[in-house]
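> Provide a 3D model corresponding to the input given below.
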Amino acid sequence: QVQLVESGGALVQAGGSLRLSCAASGRTYSMAWFRQTPGKERDFVAGISWSGGSTDYADSVKGRFTISRDNARNTVYLQMNSLKPEDTAVYYCAAARSLYSSRSPGSYDYWGQGTQVTVSS
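Here you go, the predicted structure:
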């Protein structure tokens, strides 16, 4: 069983930056960030392969967000720049027992508890 703990969520003004972290209790394979707002489905944000050599981004964040990982620390990061009010959501970290990330929430075996990101206009 792998436990994931997210951190770094905060209230920030539009145009600002935040870095989210997700610490895993053990070795993980592919990982991803999703986000969710009340009454809506959990949406894919970014994913990274087991080696970190392959990344994937939702169109809405491409060019603004960067996913990375440090396997020595069992940690994945999401650097978020040029934040917009529509980025406001609870952000979840997810890990899968597969080499490459997927955009489907159902592909992930472990989830963190979520961290709130609020972007004010």
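
> What's opposite residue 116 in the beta bridge?
Judged by DSSP bridges, the bridge partners of residue 116 are residue 90.

> and what of the one 4 residues further on?
With DSSP bridges applied, residue 120 shows beta-bridge pairing to residue 13.

> ok, the residue nearest to the spatial centre of the chain to residue 46 distance?
Geometric centre of the chain, nearest residue: residue 33, 2.3 Å, by C-alpha atoms, centre = their mean. Distance, residue 33 to residue 46, by C-beta to C-beta, to the nearest Å: 5 Å. For the C-beta atoms, the positions are set from N, CA and C on the backbone; glycine is no exception.

> list the residues that contact both of those two?
Listed as contacting both residue 33 and residue 46 by C-beta atoms under 8 Å, 6 or more residues apart in numbering are 67, 78.

> Can I take it that the residue nearest to the centre of the chain is in a strand?
Yes: assessed with DSSP: H, G, I helix; E, B strand; the rest coil, residue 33 lies in a strand.

> Please name the nearest non-neighbouring residue to it.
Excluding the flanking residues, the one nearest residue 33 by C-beta to C-beta, 6 or more residues apart in numbering is residue 45, at 4.3 Å.

> my guess is the one you found meets residue 36, correct?
No: using C-beta atoms under 8 Å, residue 45 is not in contact with residue 36; the gap is 10.1 Å.

> Poorly predicted segments of this structure, please.
For the chain, no stretch has pLDDT under 70.

> For it, which segments count as strands?
4-7, 11-13, 18-24, 30-36, 43-48, 55-57, 65-70, 75-80, 89-96, 110-111, 115-120 (DSSP state E).

> and those strands as CSV, adding distance to residue 102?
As requested, these are exported to CSV (distance: least, C-beta to C-beta, whole Å):
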stretch, distance to residue 102
strand 4-7, 16
strand 11-13, 29
strand 18-24, 17
strand 30-36, 7
strand 43-48, 7
strand 55-57, 9
strand 65-70, 14
strand 75-80, 15
strand 89-96, 7
strand 110-111, 14
strand 115-120, 21
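
> Residue 104: which of these is closest?
Taking C-beta to C-beta as the criterion, residue 104 comes closest to strand 43-48 out of the strands of the chain, the separation being 7.7 Å.

> Which elements pack onto the closest one?
Packing partners of strand 43-48 (3 or more C-beta pairs under 8 Å, 6 or more residues apart in numbering; DSSP states H and E): strand 30-36, strand 55-57, strand 65-70, strand 75-80.

> Right, I'll call it a day here.
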